[in-house]
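Participant: Following is a predicted model, sequence given first.
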Amino acid sequence: MDFEYKPSVLAFITTYSCNAGCEGCCFRCNNEKIEFDLEKSIKNIELVLHSFPTIKLIVFTGGECFLLGNKLYDLISYFSKEGLLTRCVTNGFWGRDKSRAAYTAQDLKRAGLNEINFTTGEFHSKKIPVESILNSSISTAKEKINTLIAVESNDETQGNLIQLDLIKRFDNINDLESIKKIKIMKTLWIKDKDYLPSTFYERQYESKGCDNIFTTITLTPDFKLRSCCGLFIDNIKIFEFSPKIDNNLKNFYELQFNDFFKLWLRVEGPYGIINYIIEKEKGLKVPFFLHQCQACYYIIKNTEFRKLIEKYYKEKLDDIVIRMAVISRVELKNLELVGYSI
């Protein structure tokens, strides 16, 4: 069956280099010297955009994309002028000094940036002071750039304390119009050593389709393409959908719809797959997962669970294919950017 599914987001991992070096970083970022070719990056992004004209947003992430210096502003400016929405994801290290935070935000505004995501919390704050997040986020908000602060933690108390501290500080700022541009949300921190949890017990998870697969295309620093932007994409081969970037990208992208497992992930998500297998195999124990990407990694990497999927998946074929057909048509008619501010 043909599915009328179109990607709307391109996530460009500009570099794996990062100056934070957080404990257990799931992307295993390092502080190695950056080798970044601006011209080659633009060329490869343009090839992706040519194949997928439905892409509306480019996300520049990492690692730490602000380590690119002026090349980051050049990227933002180039694609903003092409009519695309742009977003950056950063640890906000450049906000340690208020004046630097202010002129950086002004440069971002001039370049045409629409949104920015700051990451802080239990682990990032050990390397990048929360004060940096405060300065940088206020500066971007004053430039009318939509601003999100993600407070990561796997300790509920610590995450709440940092979130409350940020809110308290923002309450003392008089520029209410700017503060309205800032949103704060809690998120989780998954350490690299926790890819495959070891605490097993029976449980049911809330089934929810994965909104990222197919919708977001990820471009890696070495210009490889992934069909997802999840936490562990560099460790899951099945999400690689093209051996190179050329004019055949659309064909490679559409070949993914022959992979029933990916369709199942889109319709019911990893938790839905787990729930179904648990129903079939009474008494089966699965780990406690902090995040659905962790669950996805588990069901792909765990040999025994993969065997159970192979055993029972045919019973779900008709149901998933029909539901996927409906989802693809609805999303095609309502192809809008899914984000926190636009």
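Facilitator: Right, received. Where do you want to start?
Participant: mind listing the helices for this structure?
Facilitator: 38-51, 70-81, 98-111, 130-142, 156-171, 176-179, 249-255, 260-280, 292-301, 303-312, 317-333 (DSSP state H).
Participant: just checking, what packs against the fourth one?
Facilitator: In other words, helix 130-142. For helix 130-142, the packing partners by 3 or more CB pairs under 8 Å, 6 or more residues apart in numbering; DSSP states H and E come out as helix 98-111, strand 115-121, strand 146-153, helix 156-171, helix 176-179, strand 182-188. Using the backbone N, CA and C atoms, a C-beta is placed for each residue, glycine as well.
Participant: Take the helices of the chain and write them to a markdown table, including mean pLDDT, distance to C210 and mean neighbour count.
Facilitator: What follows is the helices of the chain, written out as a markdown table (pLDDT from 0 to 100; distance: least, CB to CB, whole Å; neighbours: other CB atoms under 10 Å):
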| stretch | mean pLDDT | distance to C210 | mean neighbour count |
| --- | --- | --- | --- |
| helix 38-51 | 94 | 21 | 16 |
| helix 70-81 | 97 | 26 | 18 |
| helix 98-111 | 96 | 30 | 17 |
| helix 130-142 | 89 | 29 | 24 |
| helix 156-171 | 62 | 24 | 14 |
| helix 176-179 | 59 | 33 | 13 |
| helix 249-255 | 84 | 16 | 15 |
| helix 260-280 | 92 | 5 | 21 |
| helix 292-301 | 87 | 7 | 21 |
| helix 303-312 | 93 | 15 | 13 |
| helix 317-333 | 80 | 11 | 15 |
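Participant: Can I get those helices in a markdown table including distance to E240?
Facilitator: Shown next, in a markdown table, are those (distance: least, CB to CB, whole Å):
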| stretch | distance to E240 |
| --- | --- |
| helix 38-51 | 14 |
| helix 70-81 | 23 |
| helix 98-111 | 31 |
| helix 130-142 | 34 |
| helix 156-171 | 33 |
| helix 176-179 | 41 |
| helix 249-255 | 10 |
| helix 260-280 | 12 |
| helix 292-301 | 13 |
| helix 303-312 | 18 |
| helix 317-333 | 21 |
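Participant: for those helices, which one sits closest to E32?
Facilitator: Between E32 and those, the tightest spacing by CB to CB is seen for helix 70-81, at 16.8 Å.
Participant: So which other helices or strands are in contact with the closest one?
Facilitator: helix 38-51, strand 57-61, strand 85-90, helix 98-111.
Participant: swap the cut-off to 10 Å and go again
Facilitator: strand 9-13, helix 38-51, strand 57-61, strand 85-90, helix 98-111 (3 or more CB pairs under 10 Å, 6 or more residues apart in numbering; DSSP states H and E).
Participant: residue contacts, the residue nearest in space to the middle of the chain?
Facilitator: Computing the C-alpha centroid of the chain and ranking residues by CA atoms, centre = their mean puts C229 first, at 4.7 Å. By CB atoms under 10 Å, 6 or more residues apart in numbering, C229 lies in contact with 9-11, 13, 59, 61, 212-213, 215-218, 239, 293.
Participant: cool, and V326?
Facilitator: V267.
Participant: Next, count neighbours for the closest residue to K81 other than its chain neighbours.
Facilitator: Excluding the flanking residues, the one nearest K81 by CB to CB, 6 or more residues apart in numbering is G112, at 7.0 Å. Number of residues near G112 (other CB atoms under 10 Å) recorded here: 18.
Participant: go on, D234?
Facilitator: With other CB under 10 Å as criterion, D234 counts 18.
Participant: isn't it right up against T218?
Facilitator: Yes. With contact defined as CB atoms under 10 Å, D234 reaches T218; the gap is 9.4 Å.
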